[in-house]
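*Asks:* After the sequence you'll find the predicted model.
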Amino acid sequence: MKIVIAGGSGFLGQALSERLIADGHRVLVLTRGASASTPWEGARSSLAWTPDGTAGDWAFALEGADAVVNLAGESIANGRWTDARKARILDSRLEATRSLVAAIHRLRQPPAVFVSSSAQGYYGDRGDEELTEGASAGRGFLADVCARWEAEARKAEDRARVVTLRTGIVLTAEAGALPRMLLPFRLFGGGPLGSGRQFMSWIHVDDWVGIAALAITDDQVRGPVNLGSPAPVRNRDFAHVLGHVLHRPSLLPAPAFALRLAVGEMAGPLLLASTRMVPARALAAGYLFRYPDIGDALLNLL
């Protein structure tokens, strides 16, 4: 298959590219920088694009592609949520998705599937409620971003099968949330966040890649797909297991008020909200998790 990945330079895009190439597919990465290769030359090539909500000259390279994957969007965790930054978080996702959808509508031969990112933030703070893909959208900034993001992706449904990936906390040792969690534990100051009762929907990077690849290749998979372990855990239990793996105590909680002082508004949805998301559609499609247990996942990574 010929597969286009927008946002392919991030840690998830790189991991997915490596898996697809290992499986014998060819990958074209859309990048904001200068093109580093000729499109579709070799197993992995790149092409510069400008995700401004329109289909630019780069769109010609999508002709004949079997799949388009959209992982583009500004990080939600790299700085306080000022009004300007929240606008960039939203606009970067909507404009990239609109650009890809516009390109798909221009093609004589559209891709069979358009796989577009979303996130567990779609569900908002839901306490102990078990959340399958049929659950309603939640409230708040991230829930609004995800709902609007998915709505833009669905505009390609008249030309391609559309899958939206509602991603939980992806665990990998090299990037993302886990390296940020390690420092206080290594300094003997680790523990739960806030009350610790909130559910964390997490997934090992290998399983994230596996489900994303399934979404690309299985024509029965469509609509929203939850990318999280079938065993989400409470934050206090995650802290306990992490401390055990690192041979460190996990007894010092970080009070909610201190987290809000430290990182501002995003402390609520990113650190203190409870999302008990389960991957009903991936399981129904026959996906077998390599790391369904948080202990096994952390031991593998650390």
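*Replies:* Cool, got the structure. Residues are numbered from 1 along each chain as shown.
*Asks:* Quick check: Pro249 touching Leu187?
*Replies:* No. Applying CB atoms under 8 Å, one finds Pro249 not in contact with Leu187, separated by 10.7 Å. (Each C-beta comes from the backbone N, C-alpha and C, glycine too.)
*Asks:* Among these two, which residue is more densely surrounded?
*Replies:* Taking other CB atoms under 10 Å, Pro249 and Leu187 do not tie; Pro249 has more neighbours (15 against 9).
*Asks:* and the more buried one, what is it in contact with?
*Replies:* 188, 190-191, 243 (CB atoms under 8 Å, 6 or more residues apart in numbering).
*Asks:* from those, which would you call buried?
*Replies:* Buried members of those, scored by 16 or more other CB atoms under 10 Å, are 190-191, 243.
*Asks:* which regions of this protein lie under the pLDDT threshold?
*Replies:* Along the chain, the model assigns pLDDT under 70 to residues 34-36.
*Asks:* Start from the N-terminal end of it and give the strands.
*Replies:* Along the chain, counting by DSSP state E, strands occupy 2-6, 26-31, 44-48, 67-70, 113-119, 130-131, 161-167, 169-171, 199-200, 202-204, 223-227, 233-234, 276-277.
*Asks:* I'd like to know which elements the first one is packed against.
*Replies:* So the one you mean is strand 2-6. helix 11-22, strand 26-31, strand 67-70 (3 or more CB pairs under 8 Å, 6 or more residues apart in numbering; DSSP states H and E).
*Asks:* Can you give me the neighbour number for the residue nearest to Ala231 when sequence neighbours are not counted?
*Replies:* Leaving out its chain neighbours, the residue that sits closest to Ala231 by CB to CB, 6 or more residues apart in numbering is Pro292, at 5.5 Å. By other CB under 10 Å, the residues close to Pro292 number 15.
*Asks:* Could you do Val115 as well?
*Replies:* Neighbours of Val115 using other CB under 10 Å come to 26.
*Asks:* and it, what does it touch?
*Replies:* 67-70, 162-165, 212, 215-216.
*Asks:* Distance check, it against Glu129.
*Replies:* Counting by CB to CB, to the nearest Å, the gap from Val115 to Glu129 is 27 Å.
*Asks:* Find the nearest non-adjacent residue to Val245, please.
*Replies:* Leu298 (4.6 Å).
*Asks:* Ala239 is in contact with the one you found, correct?
*Replies:* No. Using CB under 8 Å, Leu298 is not in contact with Ala239; the gap is 11.1 Å.
*Asks:* More neighbours: which of the two?
*Replies:* Higher neighbour count among Leu298 and Ala239: Ala239, with 26 against 21, using other CB under 10 Å.
*Asks:* Now do the same contact list for the more buried one.
*Replies:* 190-193, 196, 250.
*Asks:* same thing but 7 Å
*Replies:* Ala239 makes contact with 190-192, 196, 250, according to CB atoms under 7 Å, 6 or more residues apart in numbering.
*Asks:* Is it possible to get a markdown table of these that adds distance to Thr50?
*Replies:* Shown next, in a markdown table, are these (distance: CB to CB, whole Å):
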| residue | distance to Thr50 |
| --- | --- |
| Gly190 | 43 |
| Gly191 | 45 |
| Pro192 | 43 |
| Gly196 | 44 |
| Ser250 | 46 |
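*Asks:* quick one: which of these is nearest to Trp49?
*Replies:* If you rank the contacts of Ala239 by distance to Trp49 using CB to CB, Gly190 comes first, at 41.1 Å.
*Asks:* any idea what sits nearest the closest one, other than its immediate chain neighbours?
*Replies:* Pro184 (4.6 Å).
*Asks:* Mind putting the helices and strands packed on strand 2-6 into CSV with mean neighbour count and distance to Arg234?
*Replies:* Conversion of the helices and strands packed on strand 2-6 to CSV gives the following (neighbours: other CB atoms under 10 Å; distance: least, CB to CB, whole Å):
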stretch, mean neighbour count, distance to Arg234
helix 11-22, 18, 25
strand 26-31, 24, 37
strand 67-70, 28, 32
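*Asks:* now do the same end-to-end measure for stretch 71-83.
*Replies:* 23 Å (CA to CA, to the nearest Å).
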